[in-house]
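A.B. asks: model the structure of this input:
(one chain, ligands or ions: 2)
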Amino acid sequence: MEVIPGLWMIEGLGPCYLYRDADTYTLIDTGITGDATRILDQLEEAGGKPGQLKQIILTHSHPDHTGSHAELIERTEAQVLAHELDVPVIIGEAETEIPKVVPNAERKLMEMAIEETPIAKPARVDRALRDGDEIDMGAGAVAVHVPGHTPGSLAIFLPKEKLLFAGDAAERDLEENLVLGMFNLDQAQAIESFRKLAALDFEIACVGHGKPLDRDASLAFRRVAEKLADN
Ligand SMILES: [Zn+2]
Ligand SMILES: [Zn+2]
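C.D. replies: Ligands and ions are numbered 1, 2, ... in the order given. Okay, the predicted model is just below:
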């Protein structure tokens, strides 16, 4: 599904996004294990070849976002970028931490998600990112550290394009409402990170799960952030 010209959403259990620059492409997240062919098919449909996939940015270490990372780096020459604090899990030096305390409403969903998501094969990361690091994408993208969901959760912000990739710091619930992401290791920190995103100026937001917000997105984030502040 083309979100805006040059940006495609690849739907699935772990949605991911393909972004086109002049003659290269960036992939944000990699779906679940087994999604590589689907992703490369979308790349081809978008007019690209595997050799043009310049980089893969992983928003965090969960297997619904890193699932096909190992296969994709075998089939392309893409460089892999992730926040330094999630790198140990992505490369297989640490295990995914499961939240000990989750709101009751999330418990069932979390158990289902864990059951449904195949394990991700660990693979290399080429560049460990920190908050504020620049990424070569569009007119210039910025890494925004949004810890809470995982320690190294990352959002990607393109200020010129007014485009945000929020990862699981934000998602849509079953009624399609924008909400704080679920299954957070540190809920208070996740709320703080959501507010950090709400303070940015963007029109379009691609969230961790559910359809992108295609206009007035930062306004929607601010509305949700205000409610979080009331809790
Ligand atoms: Zn996640
Ligand atoms: Zn997720």
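
A.B. asks: stretch 69-86: end-to-end distance?
C.D. replies: 14 Å (C-alpha to C-alpha, to the nearest Å).

A.B. asks: right, is that stretch up against ligand 2?
C.D. replies: No. Stretch 69-86 lies out of reach of ligand 2 by C-beta under 5 Å from the ion, never closer than 12.6 Å. All C-beta atoms are positioned from the backbone trio N, CA, C, and that covers glycine.

A.B. asks: let me see the mean pLDDT of that stretch.
C.D. replies: The pLDDT scores in stretch 69-86 average 98.

A.B. asks: and that stretch, how far out from the chain middle?
C.D. replies: In terms of C-alpha atoms, centre = their mean, to the nearest Å, the centre of stretch 69-86 is set 13 Å apart from its chain centre.

A.B. asks: shift numbering so it begins at 25
C.D. replies: In the new count, where the first residue is 25, that last one comes out as stretch 93-110.

A.B. asks: what does it contact?
C.D. replies: Defining contact as C-beta atoms under 8 Å, 6 or more residues apart in numbering, one finds that stretch 93-110 is touched by 51, 54, 57, 60, 63-64, 74-75, 77-82, 84-85, 114, 144-154, 159, 167, 169, 171, 174-178.

A.B. asks: kindly report the same for stretch 115-123.
C.D. replies: The contact list for stretch 115-123 (C-beta under 8 Å, 6+ apart) reads 85-87, 112-113, 134, 138, 146-149, 174, 207-209.

A.B. asks: so which residues of this protein form helices?
C.D. replies: Using DSSP state H, the helices found in the chain span residues 60-69, 87-90, 93-99, 111-114, 128-140, 211-222, 241-254.

A.B. asks: helix 211-222 and the longest one, what's the angle between them?
C.D. replies: Between helix 241-254 and helix 211-222, the angle comes out at 150 degrees (axes from the mean of the first three to the mean of the last three C-alpha atoms, to 10 degrees).
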